[in-house]
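Undergrad: let me see the structure of the following:
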Amino acid sequence: MTPKYRSDIDGLRAIAVLSVLFFHSGVSIFSGGYIGVDVFFVISGYLITTIIVREIANNDFSIAKFYERRFRRILPPLVVVIAVSLIVGLLLLPPDGVTSLGQSAITTALFSSNMLFYFESGYFGGASEMKPLLHTWSLAVEEQYYIFFPLLLMLIAKKDTKHYLRWLIILGILSFITGIILINISTSAAFYWLPTRAWELFIGSILALHVIPSPSKRYIREINSILGIAMIAFSVFVYTSETSFPGFAALLPTIGTALLIHSGSGGDSFIYKALSLRPVVFVGLISYSLYLWHWPVIVYTKILSITEPTVPVMMFMLALILTLSILSWKYIESPFRKKTFFEGRRSLLLASTGVSVAIVVSGMVLIMNAGYPHRSTNDIAAISEEEDKWHHWARCEKVVNRIKNGQSLCNIGAKTGRTNFIFWGDSHARALASGINLSALKIGLRGKIATQSACPPLLSIERPNRTSCNEFNQTVLELISVTPEIETVILAARWALSTKGTRYKQESGKSVQLIDLDTPSSNNLTNIKLFEIGLMRTIEKLQSLGKKVVLVNPVPEVGFDVPYALKVANITGRDINVVIAPTTEEYRERTEEVGTIFRQLEDRLNIGLVAPDIILCDSSYCKVAIGGVTLYRDDDHLSTFGSEYVSQAFDEVFNGLSIEIVGQNSLIKYSSVRH
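TA: Residues are numbered from 1 along each chain as shown. Below you'll find the predicted structure:
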């Protein structure tokens, strides 16, 4: 016996899928739209349990029939989406992206993609945003639930169906507790695993047992439904990617969904009627196809756009998603569910097995052929090799451990001779190391390199979450003080991040707030002032030791992953410098405070300036690639090629010319921007 159709549940599906769609589309007010998946989980638990429990009670339940219904519902449109994603990915994605897509396709076909993405990355931001099949993790969770849940109910029913509630509550509590524990150990595990998500489905399952009677009075149903929709709305519009999720935060949308389903059984509340409006119900009917298509289309649109898609492009993208979803629902999803195709169970099984094997084989071919790198130009292969070279200097980090263990710092420049300079800074300094090395080698100079990621050389100034930076800087300073042959100290870092405190353009990551360890009372000062205090403290200390100090101007930040964007630009025939290169004016604005402080310190403390910016930037923009080869390894660090490209900026220092005139043409030093 089929359960009574609930139009409001289709309306609830519409809310869920539109929340996810607008969140993934970057509509800022839907900052918590990802909770739409949790709404789906509760709905699925409710509907599946309603069907299974009723059929078991009527002695009409068949595990084979149940799996057949699930396959007819889920597999056909999913197969088409995977196939289209593979074809488009082969055309647009770089080799490593195609390899990753092959892995995603295999695990999606085997309903285990949630585990793949758990091992690979988190859900929010970064590389995850460029995975066309990332959204299939939730399908994997549901399918795993569908595999085990009927068996669980059948096992319980053998003893007594009255035990349904007890076991669902016990298992739900265990699942919830597991998620709470894991969210503090591994956020990805708590997010992707079935054991940490099952409680959300169990909420729907418990609701389906009808142990909680529907309110007899309409005003109570009205209150419950308004409360339920408010809980979901709060989650959608207030939660963000920074919210600790799922955990306790997932209670709000899941309980809200349960309240809506429960209060909707009366069929007379205002919210019920709103959810039952024909346009809303229609979106709910196509919600599965809409969910399947939306993410691959968004990913490939972003790839083709490289930068953030424009409003017209976004409108076209949404129209394309809707069109594909309607076509998929009408010509694929509905016919298979109604047994228009593969009417028999055996033919469906053979077809399902065949397409699954085909997808797995296709994915394996892509992986074994390393994403078919020959599709791209030779320049792209060179880019991949270039990225690997960048890690040569990574082994030189862990400066504190090296010194504590009696090891010397890595040499830079000539292999022999007197060490007469040291290069000190953060990961931006490390990124410049190849250029420093090349310049020093030209005239046979030898130096040391001391770098640590996210630790600019600002004495007693650090970020609250980077408590090792002060120890690193003090260790380097102590080394300099006991090494008299070091005459010159070159300081380089991502200065603009320290002064601005904000990431650049589309770069992911948290903002930066500096603190002063020596003078805690000064921590109400701005980043700019604390930066100035720390830099002056460093320079004055070095000069008191008799050292010459050279500052390196900031390398222009890009705000977009340059190697990835360049790979796509090469495939699509676009000029990467036109698409994402920061303008010279943008660079000046970003480094305005740094330039002002550098000029003041230069006048007061007689320091030198090295200006890689005058090599990278012309009157219009700051180059990010030359001749099809990237100058950057990500969105702000120079690649080895980029570092060597700007090496001539250091030639005047190493040729022994007057420190005072180094960088006299710097865009910062003579910037037209003033306070």
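
Undergrad: let me see the ranges of the strands in the chain.
TA: Taking DSSP state E as the test, the strands found in the chain are 410-413, 419-425, 446-451, 461-462, 488-492, 515-516, 548-552, 608-610, 625-626, 629-630.

Undergrad: could you dump these into TSV with mean pLDDT, mean neighbour count and distance to S216 added?
TA: Quick note: C-beta positions are derived from backbone N, CA and C, even for glycine. Converted to TSV, those look like this (pLDDT from 0 to 100; neighbours: other C-beta atoms under 10 Å; distance: least, C-beta to C-beta, whole Å):
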stretch	mean pLDDT	mean neighbour count	distance to S216
strand 410-413	91	22	78
strand 419-425	94	24	71
strand 446-451	94	25	71
strand 461-462	92	26	63
strand 488-492	96	24	73
strand 515-516	90	19	60
strand 548-552	95	24	75
strand 608-610	90	24	80
strand 625-626	94	19	70
strand 629-630	88	22	68
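
Undergrad: the ones you listed: which one's closest to V579?
TA: Closest approach to V579 among the strands of the chain (C-beta to C-beta): strand 625-626, 10.2 Å.

Undergrad: for that closest one, which outside residues touch it?
TA: Strand 625-626 is contacted by residues 562, 566, 576-577, 631-632, 645 when judged by C-beta atoms under 8 Å, 6 or more residues apart in numbering.

Undergrad: thinking again about what came up before, which of the strands of the chain sits closest to R337?
TA: R337 lies closest to strand 629-630 among those, at 48.1 Å (C-beta to C-beta).

Undergrad: tell me the confidence at L78?
TA: On pLDDT, L78 comes in at 95.

Undergrad: what does S334 give?
TA: S334 is assigned 90 on the pLDDT scale.

Undergrad: neighbours around it, how many?
TA: S334 has 16 neighbouring residues, counting by other C-beta atoms under 10 Å.

Undergrad: for it, give its distance to L292.
TA: S334 sits 14 Å away from L292, going by C-beta to C-beta, to the nearest Å.

Undergrad: show me what contacts V512?
TA: V512 neighbours (C-beta under 8 Å, 6+ apart): 463, 497-498, 501-502, 527.

Undergrad: only whichever of those residues are buried, select them in ChimeraX.
TA: Per 16 or more other C-beta atoms under 10 Å, the buried members of those correspond to this ChimeraX selection:
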select :463,497,498,501,527
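
Undergrad: which single one of the contacts of V512 is nearest to S19?
TA: Of all the contacts of V512, T502 has the smallest distance to S19: 27.7 Å, by C-beta to C-beta.

Undergrad: now that closest one, what are its backbone angles?
TA: Per-residue torsions, T502: phi -120, psi 150 (degrees, to the nearest 10).

Undergrad: ok, it to P464 distance?
TA: Separation of T502 from P464 (C-beta to C-beta): 16 Å.

Undergrad: distance of R446 relative to A429?
TA: As judged by C-beta to C-beta, R446 and A429 stand 17 Å apart.

Undergrad: ignore the last one, I51
TA: Going from I51 to A429 by C-beta to C-beta gives 62 Å.

Undergrad: of the two, who's got more company?
TA: When neighbours are counted by other C-beta under 10 Å, I51 and A429 differ, and A429 comes out ahead with 27 against 18.

Undergrad: residue contacts, the nearest residue to the more buried one once chain neighbours are set aside?
TA: Closest residue to A429 in three dimensions, ignoring its sequence neighbours and counting by C-beta to C-beta, 6 or more residues apart in numbering: A492, at 3.9 Å. Applying C-beta under 8 Å, 6+ apart to A492 gives the contacts 423-426, 428-429, 432, 551-552.

Undergrad: and the helices in the stretch 1-150 of the chain?
TA: Along the stretch 1-150 of the chain, counting by DSSP state H, counting those that start in this stretch, helices occupy 7-24, 36-57, 63-92, 95-109, 113-120, 137-159.

Undergrad: wait, which of the ones you listed is closest to V238?
TA: With C-beta to C-beta as the criterion, V238 lies closest to helix 7-24 of the helices of the stretch 1-150 of the chain, at 12.6 Å.

Undergrad: what is the orientation angle of the closest one with helix 137-159?
TA: Interaxial angle, helix 7-24 versus helix 137-159 (axes from the mean of the first three to the mean of the last three C-alpha atoms, to 10 degrees): 150 degrees.

Undergrad: need the helix or strand of the protein with the lowest average pLDDT.
TA: The helix or strand of the chain with the poorest confidence is helix 378-389; it has a mean of 55 (mean pLDDT, DSSP states H and E).

Undergrad: redo the contacts of strand 625-626 as TSV? Include pLDDT and neighbour count.
TA: Compiled in TSV, those are given as follows (pLDDT from 0 to 100; neighbours: other C-beta atoms under 10 Å):
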residue	pLDDT	neighbour count
V562	88	27
L566	86	28
I576	91	23
N577	92	17
L631	94	30
Y632	92	29
Y645	95	21
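
Undergrad: and which of those residues is nearest E487?
TA: Nearest to E487, judged by C-beta to C-beta, of the contacts of strand 625-626 is Y645 at 27.0 Å.

Undergrad: pretty sure the closest one is touching I615, no?
TA: Yes. Using C-beta atoms under 8 Å, Y645 is in contact with I615, at 7.0 Å.

Undergrad: and the protein, what are its domains?
TA: For the chain, the structural domains run 7-375, 392-554+592-613+639-661, going by automatic domain parsing.

Undergrad: among those, which comes closest to S619?
TA: Closest among those, using C-beta to C-beta: domain 392-554+592-613+639-661, at 12.6 Å.

Undergrad: lowest pLDDT pick from the contacts of V512?
TA: Lowest confidence among those: R463, with 88.

Undergrad: so what's the closest residue to it other than its chain neighbours scoring on pLDDT?
TA: Spatial nearest neighbour of R463, excluding adjacent residues (C-beta to C-beta, 6+ apart): V512 at 5.8 Å. Note for V512: predicted pLDDT of 89.

Undergrad: pull out the buried residues from stretch 88-99.
TA: 88-90, 92-99.

Undergrad: next one: stretch 346-355
TA: Buried, per 16+ other C-beta under 10 Å, within stretch 346-355: 348, 351-352, 355.

Undergrad: next: stretch 513-523.
TA: Quick answer for stretch 513-523 (16+ other C-beta under 10 Å): 514-516.

Undergrad: which residues does it contact?
TA: Among residues not part of stretch 513-523, those counted as contacts by C-beta under 8 Å, 6+ apart are 458, 460-464, 470, 498, 501, 525, 527, 529-531, 533-534, 537.

Undergrad: again, only this time at 10 Å
TA: 456, 458-467, 469-470, 498-499, 501, 525-531, 533-534, 537 (C-beta atoms under 10 Å, 6 or more residues apart in numbering).

Undergrad: ends of it, what's the gap?
TA: Stretch 513-523 has an end-to-end distance of 10 Å (criterion: C-alpha to C-alpha, to the nearest Å).

Undergrad: can you list the low-confidence ranges for this protein?
TA: Low-confidence segments of the chain (pLDDT under 70): 1-3, 121-122, 124-127, 161, 340-343, 374-392, 508, 656-675.

Undergrad: closest one to A250 among the helices of the stretch 1-150 of the chain?
TA: When the helices of the stretch 1-150 of the chain are compared by C-beta to C-beta, helix 36-57 sits nearest A250, at 5.6 Å.
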